Each structure stands twice: as C-alpha cells, then as structure tokens.
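Chemist: Below is the sequence, then the predicted model.
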Amino acid sequence: MAITTKDIAKMANVSQSTVSRCLNDSPMISEKTKKKVLKIAQEHGFQFNAHARSLSANRTYTIGVILPKSLFDFEGEVHFRSWQNELIESLERMEFDVIVSFFENRFTKQNNIKRLIAAKKVDGLIILEPALDDETITILEETDVPFIFCKYIPPFYKTRDVDFVCVDQFKGGYIATNHLIKQGHKNIMCISANRIGGEFGLRTEGFKAALHDSNLQYSDKMLFYGDTTFESGYRVIKDNVEMLRNITAIFAQNDLMALGSILALKESGINVPKEIAVIGFDDIELCTFYKPYLTTIHQPTKEIAALTCKRLIEKLNATESTPKQKLEISPTLVIRESCGINF
C-alpha cells in the first residue's frame, strides 16, 4: 500500500498541512522539520504526484479575516477583540496564517475582499462585516475561494445560499428578559440600538417573546435606543429619570450601555440591584471591573470561532460542492451582582 501524506504526518507527529508545506519547500516551516518529514517520505518510498504537488503549491496557507468597520470605535474594539483573538488562535492551531483586514480601505476606499481574492493572497475568507454591497456578494459567489460568515447572519441569507455560524440573538434576548421575569420583575425597560447586522432587532424580538410567554404586556414605551456606547446608556437613563419610578429592571442590549445605565442610576440615587436590576449582553471583560458586577448574556465566541474555522477548512479541502451549513449557537446567562444572585 502506498504511503500518504496522512501517514507521514502521523509518523512525524505533525499535521498533514505541515507535511504538504515541507514537500513543497515552504519557507514557513523550519529546516529541521523539513528534513525530518522528507527523510520519512524517502524512507517509505513516498511517490510525489506532480499534478497534486502543483495544486498544493498554489495554496497560501493563509486565511483572510474581514472585520467590521465598527471596530474603529472604542465600543467596537472592546467587543470584537475577543472575536478576532479567538479566530486567529483557532486558525493558528490549524497551522494557517492570518491576514486581518476590513471590507474597505479607510483611505483609498479600495474593496479589500476583491483585492485579496484577485491577488490570490488567501485560501479562504471569514467575514464578520454585516454590510456588504451587491458587487462584493457577486464577487464572492463567483470566486473559487471558500468563504463563511461569522457572528452575523448575512441579511441576504434567505435569497442566497451561504454558510454562516452565529449566536442565536433572539434566544439571548429571551434568556435575559426571562431571567428578570423569574426574579419577579414586570416593568422592564429595554435599551436597544439601531445597528446594521440585525442582532439588536433579534434581541428585541426575544425580549417581546419572553414578555408574551409570561402574559406580560409589551408597549413601545418600554423600548429606548442608544448607540451601543457607554455614554448612550448613561444618557438614556438621565433623560428619562421620571419614568424610573415605574421601572424595576433594565435589559440593556449590550454591556457598555448597561454599564452606562448603572452609573446614571447611581448618580440618581438609585441602588442597583435593590431598587432596579440591570442585565447586559455580550459578557465583555469590563463586566467585572466595576461594582456591582454585571449580570449578562455570554456570547460563546470560542465555540463559534472554532466551528467557523473548522467549516472553512472543510470547504477548502472539499473535492466537490457540499450543502451549506447555517449554525446558530445558543448564548448563556452569566449571573453576577447587578440583578441580585437569587431567583
């Protein structure tokens, strides 16, 4: 039986991609590892397939990660840092290099997805930008470069067949609201945001559904809008102090707005959580920087990053077209101090 690169990888105690790189004299691999792998290949009579080798040589072993424009903002940087880190870590474990870019060059306005594909700089793309134009979508559909959407459900998923791995945002909104209801809260303020990507709209729908299932009436007067920043959460509370008399809990749809709300409540002489409970969404590091520690909805970034990378590599190695995967991963409740710890 002829030896394969998989056999060599096992004997050399390296990954199959490392074996391929060694056989193609990739500069990414140390000379020591190359000698070890080549020696095993020669000793076991490994037959080089010139056609397969030429195809393999076209691999860059590099994946492009397209981040959203909102990363330029402080709140975006706080939120997306963990997503970026988890994706890079997952890809590096698979021995792929990473090019991190944005959909559009801030200065030249050049389409970076189009550039990376045209220049053959990447073997695949992971896209976290929710707002792509029709031209870019067409380019992606016509390219041989595999791609997958991460975190956001692409808005066109109902009309175009694409792969994505994301958080079940509706369920997250439901879990947050249901937690407050279980604690006995019936008058709940919800602070949402108008942002591209649809996640805040889905969280609001989850909020409404939890109220409905508990026979609680929803009113538009319960819903307020910030812009995802700490300052906007603070301002919503400051601008609506009078109505807080009838409020016993607040669901802020991201952690920064929740933290801003808590500060405004404190300045207004309102105790959190004794007088008003507050729950956030995302589980960023800042949740445990200030008292009371923030109860929130945790987005499973590590799991989503791993599943996204695994699926992309499957697409990269597939010899024929496979059915698209559409995965929504459930978030979880993290109970801390801002809602009280008993329920």
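Modeler: Looks like it came in fine.
Chemist: from memory residue 28 sits against residue 97, does it?
Modeler: Yes - Residue 28 is within contact range of residue 97, at 7.2 Å (criterion: C-beta atoms under 8 Å). C-beta coordinates here come from the backbone N, C-alpha and C atoms, glycine included.
Chemist: who touches both of those two?
Modeler: Common neighbours of residue 28 and residue 97 (criterion: C-beta atoms under 8 Å, 6 or more residues apart in numbering): residue 61.
Chemist: Okay, the closest residue to residue 194 other than its chain neighbours and residue 87: tell me how far apart.
Modeler: Of all residues not flanking residue 194 in the chain, residue 225 sits nearest, at 6.1 Å (C-beta to C-beta, 6 or more residues apart in numbering). The gap separating residue 225 from residue 87 is 30 Å, by C-beta to C-beta, to the nearest Å.
Chemist: go on, residue 33?
Modeler: Residue 33 is 25 Å from residue 87, where distance means C-beta to C-beta.
Chemist: for residue 297, same thing?
Modeler: 21 Å.
Chemist: now swap in residue 256 and tell me
Modeler: 22 Å.
Chemist: Span of stretch 120-134 from start to end?
Modeler: Counting by C-alpha to C-alpha, to the nearest Å, you get 21 Å between the two ends of stretch 120-134.
Chemist: That one: how far from the chain's middle?
Modeler: 14 Å (C-alpha atoms, centre = their mean, to the nearest Å).
Chemist: Who has more neighbours out of residue 33 and residue 87?
Modeler: residue 87 (27 against 15; other C-beta atoms under 10 Å).
Chemist: does that one really touch residue 165, like I thought?
Modeler: No - in this structure, residue 87 is not within contact of residue 165 by C-beta under 8 Å, at 10.8 Å.
Chemist: Give me the common contacts of these two.
Modeler: Contacts common to residue 87 and residue 165, judged by C-beta under 8 Å, 6+ apart, are 150, 308.
Chemist: Show the pLDDT at the spatially closest residue to residue 280 that is not a sequence neighbour.
Modeler: Closest residue in space to residue 280, ignoring its immediate chain neighbours: residue 258 at 3.3 Å, by C-beta to C-beta, 6+ apart. At residue 258, the model reports a pLDDT of 98.
Chemist: pretty sure residue 258 contacts residue 252?
Modeler: Yes - applying C-beta under 8 Å, one finds residue 258 in contact with residue 252, separated by 3.6 Å.
Chemist: Show me the strands in the stretch 1-150 of the chain, by range?
Modeler: Here the stretch 1-150 of the chain has its strands, by DSSP state E, counting those that start in this stretch, at 62-67, 97-102, 124-127, 147-151.
Chemist: and the second one, what's its mean pLDDT?
Modeler: Meaning strand 97-102. On average, strand 97-102 scores 90.
Chemist: Just checking: what are the partner strands of it?
Modeler: Sheet pairing of strand 97-102 (DSSP bridges) gives strand 62-67 (parallel).
Chemist: Just want the angle from the partner strand to strand 147-151.
Modeler: 40 degrees (axes from the mean of the first three to the mean of the last three C-alpha atoms, to 10 degrees).
Chemist: quick one, what contacts the nearest residue to residue 46 once chain neighbours are set aside?
Modeler: Spatial nearest neighbour of residue 46, excluding adjacent residues (C-beta to C-beta, 6+ apart): residue 3 at 5.1 Å. Counting by C-beta under 8 Å, 6+ apart, residue 3 touches 41, 44, 45, 46.
Chemist: Quick check: nearest residue in space to the third one, chain neighbours excluded?
Modeler: Just to be clear, that refers to residue 45. Nearest one to residue 45, counting by C-beta to C-beta, 6+ apart, is residue 3 at 6.7 Å.
Chemist: And the one you found, how close does it get to residue 262?
Modeler: Distance of residue 3 to residue 262, given as C-beta to C-beta: 63 Å.
Chemist: cool, and residue 95?
Modeler: In terms of C-beta to C-beta, residue 95 sits 44 Å off from residue 262.
Chemist: Of those two, give the one with the bigger neighbour count.
Modeler: In this view residue 95 and residue 262 are compared by other C-beta under 10 Å, and residue 262 has more residues nearby, 26 against 16.
Chemist: Run through who's touching the longest helix along the chain.
Modeler: For the chain, the longest helix by residue count, based on DSSP state H, is helix 74-93. Residues from elsewhere that reach helix 74-93 (C-beta under 8 Å, 6+ apart): 63, 65, 67-68, 70-71, 97-98, 100, 126, 128, 150-151, 228-230, 254, 256, 282, 284-286, 301-302, 304-306, 308-310.
Chemist: Going through these, which ones are buried?
Modeler: 63, 65, 67-68, 70-71, 98, 126, 128, 150-151, 228-230, 254, 256, 282, 284, 286, 301, 304-306, 308-309 (16 or more other C-beta atoms under 10 Å).
Chemist: Next step: those restricted to helices.
Modeler: The helices, defined by DSSP H, take in 230, 256, 301, 304, 305, 306, 308, 309 from those.
Chemist: Helix or strand with the lowest mean pLDDT in this protein?
Modeler: helix 50-57 (a mean of 45; mean pLDDT, DSSP states H and E).
Chemist: what's the neighbour count on residue 114?
Modeler: 16.
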